[in-house]
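Undergrad: Predicted model and sequence follow; I will ask about them next.
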Amino acid sequence: MATYVLAIDQGTTSTRAIIFDQKGSIVSSGQMEHEQIFPKAGWVEHDPMEIWANTREVIGQALSKASLTRHDIAAVGITNQRETAVVWDKNTGKPVYNAIVWQDTRTQSIVDRLAKDGGVERFKPTVGLPLATYFSGTKIVWILENVEGAREAADNGDLLFGTTDTWVLWNLTGGTDGGVHATDVTNASRTLFMDLETLQWDHSILEAFGVPASMLPEIKSSSEVYGTVHGSSLLREVPVAGILGDQQAATFGQAAFDAGESKNTYGTGNFLIFNTGEEIVHSKNGLLTTLGYKLGDAKPHYALEGSIAVTGSLIQWLRDNLGIIGSAPEVETLANTVEDNGGAYFVPAFSGLFAPYWRSDARGALVGLTRFVNKGHIARAALEATAFQTREVLEAVNADSGVDLTELKVDGGMIANNTLMQFQADILGVPVVRPVVAETTALGAAYAAGLAVGVWGSLDELRANWQEDSRWTPSMDAGERDRQIRLWKKAVTKTFDWVDEDVN
């Protein structure tokens, strides 16, 4: 019997294929970055065809490194950057435009238009989300209104929409030759279109947006067999059996299955998810209400989420735009050349501010500068920005849930940075815990797929796989913590009201 599971992790900057064994350990992996396309200020795009080509390549890499074939793989799971929107022609399989990435802010005028009748929380009671450029819905509208021939093709039933899980699934299962057009509840909950109660598309909201229902994928659970891989693939006939949006996948990979459990992922952005169980909790403190997971026919689990737009991508910006580091890991070395931030605070509102502020008019600011500040202080301020933003989201989670978190499970690329992890524990005032398997996003997708085909028999079996690797405990004086947080919040206010009608 095949006992390995392959997870496809289609992320914001790269696509990976990771093979896991029954203990949840990594056997092998393949990874390829894709181009980040910035046509204008605030616009962020990806080439869907490049993503699909890279997906096929990394599957081959992972299988080859492990000397495995399709006969060894029990199932494929998919996890993905969630709100990034792809629209393609179902007859040709070709996108009508580049994928519009979750960070993209071009749709603000569409948000404003929709918000004229009922404000930005117009649809929040139904979908759990405010109107914002972040989510997929307005990106679809932009494509229909700005790409020549798109509206007519959509009205004729020729165009399909999907987040990148749907794009990969459709292509994996045959594309124009019978490809499965589906998504799971977690990704559907990031579109602005899915009713949290019924787990179906809300047709009155679709009508308000002007998006034909025929474009949308079928909504499925996070763990079931959606179809099998098409005959021409290295994985032909292997079932595709799990889909989770990346942040929900990371939560699942952290074995945070029950109400009150949570995790924080440190990636391109930061995303803290707090499991609320079978209860839908509507935030009063700037958080999103979202789907946590749904296993087959079982009841769905819901979550509160604090989404932070820019964390790891700020370190990339220091590398690529300023050139003060040569590689991302060098930021820790540079930050450790100084004792503190020198009074500098960096608020990276490059795409506005997400949770808990939701200020699309904000833009990045580096404040508190004096002649004393050098590039080491700037590097430290950039790292600290991640921790401060996480603190604000955690305050909102504690307020909404009524229960203070006693420790924070972490994952993602930035958790290798020990300086950041210690400062995170200091500024939160609670321990920060890193698991042995840091690739929890891919692991969560593998778990969902493996559960559907019997590789794992229960959530308890998955819990037993989780192991602690490192723990950071707070060492900062409470008075100093309060001072730092006060100055950070002051810095955040300096980013507000930057965008006028004539400013991008």
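TA: Yes, it's here.
Undergrad: got the phi/psi numbers for Ala17?
TA: Taking degrees, to the nearest 10, you get phi -120, psi 130 for the backbone angles of Ala17.
Undergrad: What count of nearby residues applies to it?
TA: Ala17: 28 surrounding residues under other C-beta atoms under 10 Å. Quick note: C-beta positions are derived from backbone N, CA and C, even for glycine.
Undergrad: Quick check: it touching Ala7?
TA: Yes - counting by C-beta atoms under 8 Å, Ala17 touches Ala7, with 7.1 Å between them.
Undergrad: how about the helices in the stretch 251-400 of the chain?
TA: Across the stretch 251-400 of the chain, reading from the start of the chain, the helices by DSSP state H, counting those that start in this stretch fall at 312-317, 330-335, 375-401.
Undergrad: What lies in contact with the second one?
TA: In this structure, residues lying in contact with helix 330-335 by C-beta atoms under 8 Å, 6 or more residues apart in numbering are 315, 318-319, 324-325, 375-376, 379-380, 382-383, 417-420.
Undergrad: what sits against Phe388?
TA: So, once contact is read as C-beta under 8 Å, 6+ apart, Phe388 ends up touching Tyr345, Ile427, Gln484, Ile485, Trp488.
Undergrad: In a strand, the fourth one, correct?
TA: No - looking at Ile485 with DSSP: H, G, I helix; E, B strand; the rest coil, it is helix, so not inside a strand.
Undergrad: So what's the residue count around the closest residue to it other than its chain neighbours?
TA: By the measure of C-beta to C-beta, 6 or more residues apart in numbering, the closest residue to Ile485 outside its immediate chain neighbours is Arg391, 6.5 Å from it. Neighbouring residues of Arg391 were enumerated by other C-beta under 10 Å; the total is 18.
Undergrad: So for Arg391, what's the pLDDT?
TA: Model confidence at Arg391, given as pLDDT, is 93.
Undergrad: same deal with the one 4 residues further on?
TA: Turning to Glu395, the model gives it a pLDDT of 89.
Undergrad: tell me, how many neighbours does it end up with?
TA: Applying other C-beta under 10 Å, I find that Glu395 has 17 neighbouring residues.
Undergrad: thinking again about what came up before, filter the contacts of Phe388 down to the buried ones.
TA: In the contacts of Phe388, burial by neighbour count holds for Tyr345, Ile427, Gln484, Trp488, counting by 16 or more other C-beta atoms under 10 Å.
Undergrad: Quick check: the third one vs Gly306, distance?
TA: When you say that, I think you mean Gln484. As judged by C-beta to C-beta, to the nearest Å, Gln484 and Gly306 stand 19 Å apart.
Undergrad: what about stretch 91-98, start to end distance?
TA: Its start and end residues considered, stretch 91-98 measures 17 Å (C-alpha to C-alpha, to the nearest Å).
Undergrad: quick one: that stretch to chain centroid distance?
TA: 24 Å (C-alpha atoms, centre = their mean, to the nearest Å).
Undergrad: what mean pLDDT would you report for that stretch?
TA: Confidence for stretch 91-98, expressed as mean pLDDT, is 97.
Undergrad: do the same with stretch 298-307
TA: Mean predicted confidence for stretch 298-307 is 92.
Undergrad: Likewise for stretch 194-202?
TA: The predicted model assigns stretch 194-202 a mean pLDDT of 97.
Undergrad: Please apply the same query to stretch 53-68.
TA: If you average the pLDDT values across stretch 53-68, you get 95.
Undergrad: With stretch 105-121 instead?
TA: Averaging the model's pLDDT scores along stretch 105-121 yields 92.
Undergrad: Fine by me, we can end here.
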